[in-house]
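S.K.: Structural data only, the sequence is not supplied:
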């Protein structure tokens, strides 16, 4: 029996972040009709794009950029996919300007791994004429998402908020629609040309994280609505999976809220001095990597002790003194929960000290004990040795640059528990260079496409700030063109 359809369009897009918006914009330009199904209500819409720094990666040379992406992927992504991405990145700045939203964008820097072949072909751009001023005042991520929403609003595409997709509908081997929960009950939406999965990842799906990520527990400061819905829908259609153990990682903070829930935050440990120890009170990696908000420190946190069955660096403990406490919030308030009104961090960290998130003591040992450090005496000895090296002008055995070798000497002293986590996961349904989602045998699933962080084509090393937003906007364009069978001029 033919099902009753409550709505229909050429493309049905699941999820309204940067990928969903880019898909809707590009499909509309091609004359296609679009319905976007967004899980969250409009007044509680917190896509990771809005919570981000708003940066996006672009390319200045296709082959050089493809080489760079290929090396960073570490064999997890076929080169032809990296090349398709690089080719689309070449025009990403012009594409953004073509939206006609009046939002300025500015070049802000290069990639993360400058010694990798092809790094010279990568740039990072960000909304605003002066993003350094824009970010604290409102957030470049908020500006980017606002620009994309404005561009979508200028098209015939329709966004249905508070309508979470639940299942994909397949007929004769082809994905032809979506079953969703609308505000007034179940909704069946017909997709004449294809369904695009762009619902975010599985940051808040504990079972999936436990079984796939490289460590556990793992925490995230991206969209709390990302609970792996798209992953399950794709699996039901027989989708293969790739790099499920990958994510965009850092050392972050995870803290309890009064209502029994918890929130995670990006942690900015700079300026120096700083010391991070494991649960034995020992340093294990150069803290300047975390201070630079690079992504390599996360890998150092994943150490597993097979003899004890424990992860001695999860959590770790960050020590600092009164100078850092007075320097400003321990988080970047234009990112994550603070950017979308889920929490307001105090300018001098006083509220967070009252919350118990920041432990304080007259000595390092006192602060460590207050934070629940298992080895406060050893941590105090490690910080004392760090202070001695700083005073003597000695090189750091873990490779910290000389200018970061600043002692922790101004009391009171502080300690914050750090955990591995990040902005979002990157694993998910396997795709090809056309954005088609592939089954377990590597064949395209007819009518099903993917863009955005769920299955984004990144692997071992995070290429640059804004990689995830670049991929979302690039593959959003690609899948719109592929599903509709035509390209823009």
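M.R.: Received, thanks. None of the values given here were measured: they were computed from a predicted structure.

S.K.: Strands along the stretch 101-250 of the chain, start to end?
M.R.: Here the stretch 101-250 of the chain has its strands, by DSSP state E, counting those that start in this stretch, at 105-109, 122-127, 158-160, 165-171, 174-182, 185-197, 219-220, 241-242, 247-256.

S.K.: JSON lines please, covering these and showing mean neighbour count, distance to residue 231 and mean pLDDT.
M.R.: No exception for glycine: its C-beta is placed from N, CA and C like everyone else's. Shown next, in JSON lines, are the strands of the stretch 101-250 of the chain (neighbours: other Cβ atoms under 10 Å; distance: least, Cβ to Cβ, whole Å; pLDDT from 0 to 100):
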{"stretch": "strand 105-109", "mean neighbour count": "17", "distance to residue 231": "32", "mean pLDDT": "93"}
{"stretch": "strand 122-127", "mean neighbour count": "25", "distance to residue 231": "28", "mean pLDDT": "96"}
{"stretch": "strand 158-160", "mean neighbour count": "17", "distance to residue 231": "21", "mean pLDDT": "98"}
{"stretch": "strand 165-171", "mean neighbour count": "18", "distance to residue 231": "12", "mean pLDDT": "98"}
{"stretch": "strand 174-182", "mean neighbour count": "20", "distance to residue 231": "15", "mean pLDDT": "98"}
{"stretch": "strand 185-197", "mean neighbour count": "22", "distance to residue 231": "9", "mean pLDDT": "98"}
{"stretch": "strand 219-220", "mean neighbour count": "23", "distance to residue 231": "15", "mean pLDDT": "97"}
{"stretch": "strand 241-242", "mean neighbour count": "18", "distance to residue 231": "8", "mean pLDDT": "98"}
{"stretch": "strand 247-256", "mean neighbour count": "22", "distance to residue 231": "13", "mean pLDDT": "96"}
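
S.K.: Serialize those strands to CSV and add fields for distance to residue 398.
M.R.: Converted to CSV, these look like this (distance: least, Cβ to Cβ, whole Å):
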stretch, distance to residue 398
strand 105-109, 25
strand 122-127, 27
strand 158-160, 49
strand 165-171, 46
strand 174-182, 50
strand 185-197, 42
strand 219-220, 24
strand 241-242, 33
strand 247-256, 15
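
S.K.: how about those, which one is nearest residue 49?
M.R.: strand 122-127 (11.0 Å; Cβ to Cβ).

S.K.: What strands line up against that closest one, and which way round?
M.R.: Strand 122-127 pairs in its sheet with strand 56-59 (antiparallel), strand 105-109 (antiparallel), by DSSP bridges.

S.K.: Could you export those strands as TSV, including distance to residue 434?
M.R.: Formatted as TSV, those follow (distance: least, Cβ to Cβ, whole Å):
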stretch	distance to residue 434
strand 56-59	19
strand 105-109	27
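
S.K.: Any idea which of the ones you listed gets closest to residue 91?
M.R.: Nearest to residue 91 among the strands paired with strand 122-127 is strand 56-59 (8.7 Å), distances taken as Cβ to Cβ.

S.K.: Need the contact partners of the closest one.
M.R.: 65, 86-87, 89-90, 92-93, 111, 121-126, 144, 463-467, 469-470, 473 (Cβ atoms under 8 Å, 6 or more residues apart in numbering).

S.K.: pLDDT of that strand, averaged?
M.R.: Summarised as a single mean, pLDDT over strand 56-59 is 98.

S.K.: what's the following helix or strand after it?
M.R.: Per DSSP states H and E, strand 56-59 leads on to helix 62-73 as the next helix or strand towards the C-terminus.

S.K.: Could you report the pLDDT at the nearest residue to residue 68 once chain neighbours are set aside?
M.R.: Closest residue to residue 68 apart from its sequence neighbours, by Cβ to Cβ, 6 or more residues apart in numbering: residue 118 at 3.1 Å. We have a pLDDT of 98 for residue 118.

S.K.: and what of residue 131?
M.R.: The per-residue pLDDT reported for residue 131 equals 56.

S.K.: Could you check stretch 264-279 and say which residues are buried?
M.R.: Using 16 or more other Cβ atoms under 10 Å as the test for burial, stretch 264-279 gives 264-270, 272-279.

S.K.: quick one: terminal-to-terminal distance for it?
M.R.: Start-to-end span of stretch 264-279 (Cα to Cα, to the nearest Å) is 20 Å.

S.K.: Over to stretch 64-84?
M.R.: 12 Å.

S.K.: Buried residues of it, list them for me.
M.R.: Neighbour-count burial for stretch 64-84, counted by 16+ other Cβ under 10 Å, picks out 64-73, 76-78, 81-84.

S.K.: likewise stretch 205-225?
M.R.: 205, 208-209, 212-213, 215, 218-225.

S.K.: all helices of the stretch 201-350 of the chain, in order?
M.R.: 206-212, 229-236, 288-291, 297-300, 322-326, 336-339, 350-355 (DSSP state H, counting those that start in this stretch).

S.K.: which other residues reach the second one?
M.R.: When you say that, I think you mean helix 229-236. The contact list for helix 229-236 (Cβ under 8 Å, 6+ apart) reads 14-15, 39, 164-168, 197-202, 205, 208, 241, 428-429, 437, 448, 450, 454-455.

S.K.: can you check the first one too?
M.R.: If you take Cβ under 8 Å, 6+ apart as the criterion, helix 206-212 is touched by 202-203, 216-218, 228, 231, 244-245, 425, 427.

S.K.: Which elements pack onto the helix or strand containing residue 416?
M.R.: Assigned by DSSP H and E, residue 416 falls within strand 413-425. Other helices and strands packing on strand 413-425, by 3 or more Cβ pairs under 8 Å, 6 or more residues apart in numbering; DSSP states H and E, are helix 48-51, strand 219-220, strand 247-256, strand 316-321, helix 322-326, strand 359-361, helix 364-370.

S.K.: now that strand: mean pLDDT?
M.R.: Averaging pLDDT along strand 413-425 gives 97.

S.K.: after it comes which helix or strand?
M.R.: strand 428-429.

S.K.: Report the next helix or strand after that following strand in sequence order.
M.R.: strand 436-438.

S.K.: Relative to the whole chain's centre, how far out is that next one?
M.R.: Taking Cα atoms, centre = their mean, to the nearest Å, one finds the center of strand 436-438 at 22 Å from the center of the full chain.

S.K.: now what about it, what contacts it?
M.R.: Contacts to strand 436-438, defined as Cβ under 8 Å, 6+ apart, come from residues 197, 234, 237, 239-240, 429-432, 444-445, 448-450, 455, 479, 482.

S.K.: Check stretch 6-14 too.
M.R.: Residues outside stretch 6-14 that contact it (Cβ under 8 Å, 6+ apart) are 20, 23-24, 27, 32-37, 158, 160, 165, 177-178, 182, 187-199, 229-230, 233, 480, 483-484.

S.K.: If the closest residue to residue 444 other than its chain neighbours is in a bridge, with which residues?
M.R.: The shortest distance from residue 444 to any residue other than its chain neighbours is 4.0 Å, reached at residue 436 (Cβ to Cβ, 6+ apart). Bridge pairing for residue 436 (DSSP bridges) gives the partners residue 449.

S.K.: Thank you, goodbye.
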